[in-house]
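J.: Below are the sequence and a predicted model; questions follow.
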Amino acid sequence: MSSPPPSIAAPLAANDMVPRPSDSQWGDIVQQLGAEIAGPLSGALERIQQLISTGQIDRQGLRALRDAVAQAREAGMVSQQLARLASGRLRLSRERIHLTQVLRGVLTQRSRETQARGIQVRQLLQPVEIMTDASLLFSLLNAVMDWALASTHSSLEMRLDLTPWPAKARLMCRFAHRSLDLGSAPAHAIAEAPEALNSLTWRLIEQTAITMGVLPLREDEAGITMLTLEFPHLIGDEPGAQTGAQPLPRPDRPELDDPAPSHNSKPLAGCHLLIVSPRREVRQEIQASVRHMGLIIDAVSSMEEAMQFCEEGLPHGIAFEQSLRDADFDRLRADITAEVPNFSFIEVMDGEQQTQLSTATADHMARISRGNLPDALPSVLLFELSKAL
C-alpha cells in the first residue's frame, strides 16, 4: 500500500504566480533537445557502421538499434510540442471539462502499456469539473503518464481531489524513482534524484502546465517523486468551488484571454494515429494529408501487424484502407472497443464516397474517400480524436 502523499507547503501553492519562460530557459531546452536526439542517433550510427563492416547483427544489437531510433524519434516529437508552446501564437480555448473522466480515459488508453511494463496504477479520483483548454489538458495528462511510466520502478499512484479553501482541483502523481531495494547503496545515491527525471518530457510537462496557468510542483525525496498540479477554475457544487467560474484575465499574457484558437495551434499535437494499408502510396497520402497537425504517426501494412502494434499500447485512432476490413479487423476492433468504447476508426475508401463522421454511420465508424483525403481528413480527425479529449 502506498503511503499518503506529503503535504504541500502553503508558500508553494500553485497558480500564485505563473512566470513566462525566459530566453535562457528555452535555450536550455534546445540544448537538451540536441543531446537527447544526438545521443541515441550516435549509438544507432555506430551499430549501423558495425553492420556495414561485418555484415552481421545479432538480435540484441537489432533491438538496441530500434530502441535508439525510437528514443530519438520521441525526442523529436516532444520538440514539436515544445515548439508549439514557444511559438507565441498559441490561443487557448476554454470549455467545461470533467477532469476525472478525461483522466480516467487517458489511464484506460494507456492500460495496455502499463500492463506490458508490469506497472500497477492506483487511482484515487474524486469527481471534479474545471474550465480549461481541452487539447492542452489531454497533452498534459499524456505527458505526465509518459514521464511517470519512464521513471517509476514499481507502481504509480494518481490522486485527484480538492484543496481547502480557496478550492482548487489538485492532481497528484506519486511513484518511486529508485528501486526500493537499494541494499547497501550510499546515502548520497539515495538522496539524489536521477537525471532522467529532468528529461525533455518533464520540460514538456512544465511548459504545458505553465501555458495553462498551472504551476507544476515536484518533490524528489528518499527515492519518491511527487508531482502536484493545481487547476484553479472549478465548476460544480463542491464546497468552495467557483460555480460557472471563468478564468481570471492575464494582462501580462493576453494570449491566455483570447478564446479563439489560431490556425497554427495544432490542437491534436501529441495524439497518436496508426495508418493501416497494404499500399505504400495510400499510407503516404494519408500521412501527407495530416502532416501539419502535429500528430504522432505510425504505419503498418496489415491488420495482423496492427494487432501486434496495439498489444503494447493503443494509438488514439486508426485510419485503415477499406480492403482490410475482414475478420482480423473485426477482432481488432472488438478487442479495442472493449477497453475504449469511443475509440476512433476511420475507413479510407476508393472511388466516390461522401465523407461521413462516426455520428452519422450505423457502425459508428468515420468514412472518407481517398480522393478527399487532403481536403477532408484533417477536419474528420479533429472531430473524431477530439471525442477523447
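T.: Ah, there it is. Note that the structure is predicted; figures quoted are calculated from it, not measured. Residues are numbered from 1 along each chain as shown.
J.: Could you use CA atoms for every contact and neighbour count after this?
T.: Noted.
J.: May I have the beta-bridge partners of Q356?
T.: R367 (DSSP bridges).
J.: That one against D363, yeah?
T.: No: here Q356 does not reach D363: they are 11.4 Å apart, not a contact under CA atoms under 8 Å.
J.: okay, these two: which has more neighbours?
T.: For Q356 versus D363, neighbours defined as other CA atoms under 10 Å are more numerous around Q356 (17 against 8).
J.: In contact with the more buried one, which residues are there?
T.: 366-368 (CA atoms under 8 Å, 6 or more residues apart in numbering).
J.: Distance-wise, check it relative to R291.
T.: Q356 sits at a distance of 21 Å from R291 (criterion: CA to CA, to the nearest Å).
J.: any idea which helix or strand comes after the host helix or strand of W26?
T.: Here W26 sits within helix 23-54, counting by DSSP states H and E. Sequence-wise, the next helix or strand downstream of helix 23-54 (DSSP H and E) is helix 59-86.
J.: That next one to helix 23-54, inter-axis angle?
T.: 160 degrees (axes from the mean of the first three to the mean of the last three CA atoms, to 10 degrees).
J.: Quick check, R203 in contact with I29.
T.: Yes: applying CA under 8 Å, one finds R203 in contact with I29, separated by 7.3 Å.
J.: More neighbours: the two, which one.
T.: R203 (21 against 18).
J.: pLDDT wise, what is the closest residue to A306 other than its chain neighbours at?
T.: Computed as CA to CA, 6 or more residues apart in numbering, the closest residue to A306 that is not its neighbour in sequence is V300, at 6.3 Å. Each residue has a pLDDT score; the one for V300 is 94.
J.: now do L256
T.: 39.
J.: now swap in Q246 and tell me
T.: 41.
J.: Same question for W147.
T.: 94.
J.: now swap in the one 3 residues further on and tell me
T.: Per-residue confidence (pLDDT) for A150: 89.
J.: That one and L295: what is the separation?
T.: Taking CA to CA, one finds A150 at 21 Å from L295.
J.: Between these two, which is the more surrounded one?
T.: Under the criterion of other CA under 10 Å, the comparison of A150 against L295 puts L295 first, with 20 against 14.
J.: which residues does that one contact?
T.: 268-273.
J.: list the contacts for S277?
T.: 283, 299-302, 320-321, 324.
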